[in-house]
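Engineer: Below are the sequence and a predicted model; questions follow.
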Amino acid sequence: MIEYPDRQWQDYELIDSGNGEKLERFGAYCLARPEPKALWDKSLPEAEWQRLAHTRFTPGAGFGKAGKEDSGTWNRLHRMEDQWYIRYPLQGKDISLRLGLTSFKHVGVFPEQAPNWEYIYARTRELGPHPRVLNLFAYTGAASLAAKAAGADVTHLDSVRQVVTWARTNMESSQLDGIRWVVEDAMKFVRREARRGNRYDGIILDPPAYGHGPDGEKWKLDECLFEMLRTVNEILSPENSFLVLNLYSNGYSALLGETLVREAFGVQDDSARIESGELSLRDRFGKALPLSIFVRMRR
């Protein structure tokens, strides 16, 4: 299964991709930044990229360690704001997302995640009034907003205080409120919730390949993911609940992700509905750019 954002999303477009880069429009501004998976040639000439792009990311310069692909600087080519907002039409309820240029090439939103936002919103609505939804590794909170807009009591957890503050800004600009904010190591949190017997009706995970908790706790996807999923199984309601797992790590396939979920949750039959696939973007010229894999489970 391959899913793409709806082309009716007016505030986002992948214009072109190739030669290790992607050219995207977020609202009024176009950004050129590295994309290692864009192994083909660009469709537009380089002069057109230069004309369209308001800013271009140069890896390995300025902030971060030289030569590290994810760190670098943005080089302004045309006038633009340091921060700006885009909106996503979530089944009639717009959510607002603040964007900004970070030193790690990210801008505060991963647009290929839009199908997951739609899924989270729809499943949350089906659960009845005020279901409890936990968003782990939650970043700037688009998935949290999707659950909140659908009526959930949302707990949003990330280990970086600055991005939790960013997520709160997104909540307020979306005219939502009441999300519970947690700055903590995700593994430590779910273990404690399991010991306390707490349960959630929906759990969302988007773990990085590597990371650190606020107190220096180490996270390595290959070593920690299966244990995390087994612990999440203890706090996900056994009936009338959902799970969304998203993975960006290279080398992870949808089939691998589905097998991890089946084994961690003890699903050996059709007692739970599980689907898996890839989240992708498509540029103006029809080139598909796969960026992450997902696994979704409904009990």
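Structural biologist: Yep, it's here. Residues are numbered from 1 along each chain as shown.

Engineer: Identify the residue spatially nearest to Ser271, adjacent ones excluded.
Structural biologist: For Ser271, the nearest residue in space outside its immediate sequence neighbours is Arg299; the separation is 7.9 Å by C-beta to C-beta, 6 or more residues apart in numbering. In short, each C-beta sits where N, CA and C put it, glycine included.

Engineer: contacting residues for the one you found?
Structural biologist: Arg299 makes contacts with 236-242, 271-272, as judged by C-beta atoms under 8 Å, 6 or more residues apart in numbering.

Engineer: these two touch, right, Leu134 and Thr155?
Structural biologist: Yes - the pair Leu134 / Thr155 is scored as a contact, 4.8 Å apart, by C-beta atoms under 8 Å.

Engineer: Quickly list what's touching both of the two.
Structural biologist: The contact sets of Leu134 and Thr155 overlap at Tyr200 (C-beta under 8 Å, 6+ apart).

Engineer: hmm, back to that, if you rank the contacts of Arg299 by neighbours, which is first?
Structural biologist: Within the contacts of Arg299, neighbour counts (other C-beta atoms under 10 Å) peak at Phe242, which reaches 26 neighbours.

Engineer: ok, that residue touching Arg123?
Structural biologist: Yes - here Phe242 reaches Arg123: they are 4.4 Å apart, a contact under C-beta under 8 Å.

Engineer: Now the common contact residues for these two.
Structural biologist: Common contacts of Phe242 and Arg123 (C-beta under 8 Å, 6+ apart): 202, 298.

Engineer: Could you list the low-confidence segments of the stretch 51-200 of the chain?
Structural biologist: Applying pLDDT under 70 to the stretch 51-200 of the chain flags residues 61-70.

Engineer: what's the offset of stretch 164-172 from the middle of its chain?
Structural biologist: Between the centre of stretch 164-172 and the centre of its chain there are 15 Å (C-alpha atoms, centre = their mean, to the nearest Å).

Engineer: Surely Tyr121 and Ala146 touch.
Structural biologist: Yes - here Tyr121 reaches Ala146: they are 4.5 Å apart, a contact under C-beta under 8 Å.

Engineer: Quickly list what's touching both of these two.
Structural biologist: Counting by C-beta under 8 Å, 6+ apart, the common neighbours of Tyr121 and Ala146 are Leu90.

Engineer: So which of those two has more stuff around it?
Structural biologist: Neighbour tally, Tyr121 and Ala146, criterion other C-beta under 10 Å: the higher count belongs to Ala146, 30 against 23.

Engineer: higher neighbour count, Leu134 and Thr155?
Structural biologist: The neighbour count for Leu134 versus Thr155, taken as other C-beta under 10 Å, is higher for Leu134 (30 against 22).

Engineer: what about that one, helix or strand, and which?
Structural biologist: strand 132-136 (DSSP states H and E).

Engineer: and that strand, which strands flank it?
Structural biologist: Using DSSP bridges, strand 132-136 pairs in its sheet with strand 153-158 (parallel), strand 202-205 (parallel).

Engineer: For the very next helix or strand once past that strand, give me every contacting residue.
Structural biologist: Helices and strands here follow DSSP H and E; after strand 132-136, the next one along the chain is helix 142-149. With contacts defined as C-beta under 8 Å, 6+ apart, helix 142-149 is touched by 88, 90, 93, 95, 97, 109-110, 113, 116-118, 120-121, 124, 133, 135, 138, 154, 156, 167, 170-171, 174, 176, 178-179, 202, 204, 206, 244.

Engineer: any idea how this protein splits into domains?
Structural biologist: 2-84, 108-298 (automatic domain parsing).

Engineer: How about the contacts made by Leu90?
Structural biologist: By C-beta under 8 Å, 6+ apart, Leu90 lies in contact with 117-118, 121, 145-146, 149.

Engineer: Sorry, slip of the keys, the one I care about is Ala209.
Structural biologist: So Ala209 contacts 220-221, 248-249 (C-beta under 8 Å, 6+ apart).

Engineer: go again using 6 Å as the cut-off
Structural biologist: Contacts for Ala209 were tallied using C-beta atoms under 6 Å, 6 or more residues apart in numbering; they are 221, 249.

Engineer: what about it, distance to Trp219?
Structural biologist: Applying C-beta to C-beta, to the nearest Å, the value for Ala209 to Trp219 is 9 Å.
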